[in-house]
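**Q** the sequence and its predicted three-dimensional model are supplied below.
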Amino acid sequence: MTDGVRRAGVIGDPVSHSRSPAMHNAAFAHHGIAAVYERWHTPAAELPARVAQLRDGRYLGANVTLPHKLAVLELLDRVDAQAALIGAVNTIVRDEDGALCGYNTDAPAVVATLEAAGLQLDAARVVLLGASGAARAAAFALASAGVPSLVVVNRTLERAEGLLADVLATLESDPFMCAVASDDPALAEVLHEATLVINATSLGWQVAETPLAAELIPPAALVFDMVYRETQLLRDAAQRGARTLDGLDMLIRQAALAFAYWTGVAPPLAVMRAAVTAV
């Protein structure tokens, strides 16, 4: 690495699919910042050592992806209030003194992405698939945006219930919220009423994977998959007549916020979008 060049990267397992280097390296080049963004494959056992490396002055910070968004919290010196509330971090910033601070840029990116797609969140009946870090960010963001109905679907019912309990504890209003196990026969009725279905699970990175049987997809809903490519879920949704949205816009928006945290300069959204769509 050339002297004076700072480093940033994405921490996860796996990360080989990540398009983040294209976005961030284009943004660094646009602003003339001497920095490089890399993929850092990090199994769980190596997470503490990887995070500790970020204290070195050569690093700007990191993005955090599956499966580390929750586990990373205990390795940081400070956690932003919103990230602490959500209980998940997807962006680490190294301060000048070497301290590490965690942020969650997924939450504002979810809301901005759905609003840009024309969805009226204060009237949306949401079914959220998953209860991990990305799902937590979405649940808190949607609740704060005033959705009147939120159902969390997860293989482990207790985890979904815990997420909703955490969300409800932060609200003054009393929207309809409930948890449903992914194998519960009641899921079909819940989905029938949905106007927005969000996949916040990792199911979809493999070609044939899907978190939802095609016949359960409501044709009148917007189906938003956080996986940033066409997935089986989105193909099935389109065949059912539903509107579809992949996770690319959310990826760009959360990355832009992280870039601003690391550099203190305005993210070049158009440059980042062009770079990631060219990959």
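**A** Received, thanks.
**Q** going forward, measure contacts between C-alpha atoms and count neighbours the same way
**A** Noted.
**Q** is it true that Val180 lies in a helix?
**A** No: according to DSSP: H, G, I helix; E, B strand; the rest coil, Val180 belongs to no helix; its state is strand.
**Q** could you measure from it over to Tyr59?
**A** Noted for Val180: a distance of 42 Å to Tyr59, by CA to CA, to the nearest Å.
**Q** let's see the pLDDT reported for the residue nearest to Leu70 when sequence neighbours are not counted.
**A** Spatially, and ignoring its direct neighbours in sequence, Leu70 is nearest to Ala88 (4.7 Å; CA to CA, 6 or more residues apart in numbering). Note for Ala88: predicted pLDDT of 95.
**Q** I'd say Ala88 and Leu76 touch.
**A** No: between Ala88 and Leu76 there is no contact under CA atoms under 8 Å: 11.8 Å.
**Q** which of those two has more neighbours?
**A** Ala88 (28 against 18; other CA atoms under 10 Å).
**Q** now do the contacts for that one.
**A** Shown in contact with Ala88 (CA atoms under 8 Å, 6 or more residues apart in numbering): Lys69, Leu70, Leu73, Asn104, Gly133, Ala134, Arg136, Ala137.
**Q** name the member of those with the most neighbours.
**A** Across those, neighbour numbers were computed from other CA under 10 Å; Asn104 holds the maximum, 30 neighbours.
**Q** next one, pLDDT for that one please.
**A** Here, the pLDDT recorded for Asn104 equals 98.
**Q** kindly report the same for Asp3.
**A** Taking Asp3 on its own, its pLDDT is 67.
**Q** can you check Leu70 too?
**A** 95.
**Q** next one: Arg229
**A** pLDDT at Arg229 comes out at 89.
**Q** what does Leu129 give?
**A** Predicted confidence (pLDDT) at Leu129: the value is 98.
**Q** phi, psi for it please.
**A** Note on Leu129: backbone dihedrals following degrees, to the nearest 10 are phi -90, psi 110.
**Q** so it bridges to which residues?
**A** Val153, Asn199 (DSSP bridges).
**Q** list the residues that contact it.
**A** Here Leu129 is in contact with Ala135, Val152, Val153, Asn154, Val197, Ile198, Asn199, Ala200, Thr201, Pro211 (CA under 8 Å, 6+ apart).
**Q** do Gln82 as well
**A** Tyr103, Asn104.
**Q** surely it is within a helix?
**A** Yes: secondary structure assignment places Gln82 in a helix (three-state DSSP).
**Q** low-confidence regions, the stretch 1-150 of the chain specifically.
**A** For the stretch 1-150 of the chain, applying pLDDT under 70 flags the ranges 1-3.
**Q** where along it do the strands fall?
**A** For the stretch 1-150 of the chain, the strands defined by DSSP state E, counting those that start in this stretch cover 6-12, 35-41, 59-64, 78-79, 91-94, 100-103, 125-129, 149-154.
**Q** tell me where this protein has helices.
**A** In the chain, the segments counted as helices under DSSP state H are 20-31, 47-53, 81-86, 106-116, 133-144, 157-168, 187-192, 232-239, 248-263, 269-277.
**Q** which of those helices sits most buried?
**A** Of all the helices of the chain, helix 133-144 has the most neighbours on average by mean count of other CA atoms under 10 Å, namely a mean of 24.
**Q** ok, residues contacting that helix?
**A** Counting by CA under 8 Å, 6+ apart, 66, 69-70, 86-89, 104, 106-108, 110-111, 121, 128-129, 150, 163-164, 167, 171, 200-201 sit against helix 133-144.
**Q** quick revisit: let's have the helices of the chain in JSON lines, adding distance to Gly12.
**A** Converted to JSON lines, these look like this (distance: least, CA to CA, whole Å):
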{"stretch": "helix 20-31", "distance to Gly12": "12"}
{"stretch": "helix 47-53", "distance to Gly12": "9"}
{"stretch": "helix 81-86", "distance to Gly12": "18"}
{"stretch": "helix 106-116", "distance to Gly12": "15"}
{"stretch": "helix 133-144", "distance to Gly12": "12"}
{"stretch": "helix 157-168", "distance to Gly12": "22"}
{"stretch": "helix 187-192", "distance to Gly12": "31"}
{"stretch": "helix 232-239", "distance to Gly12": "23"}
{"stretch": "helix 248-263", "distance to Gly12": "15"}
{"stretch": "helix 269-277", "distance to Gly12": "19"}
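**Q** can you check which of the ones you listed gets nearest to Asp95?
**A** Closest to Asp95 of the helices of the chain, according to CA to CA: helix 248-263, at 8.9 Å.
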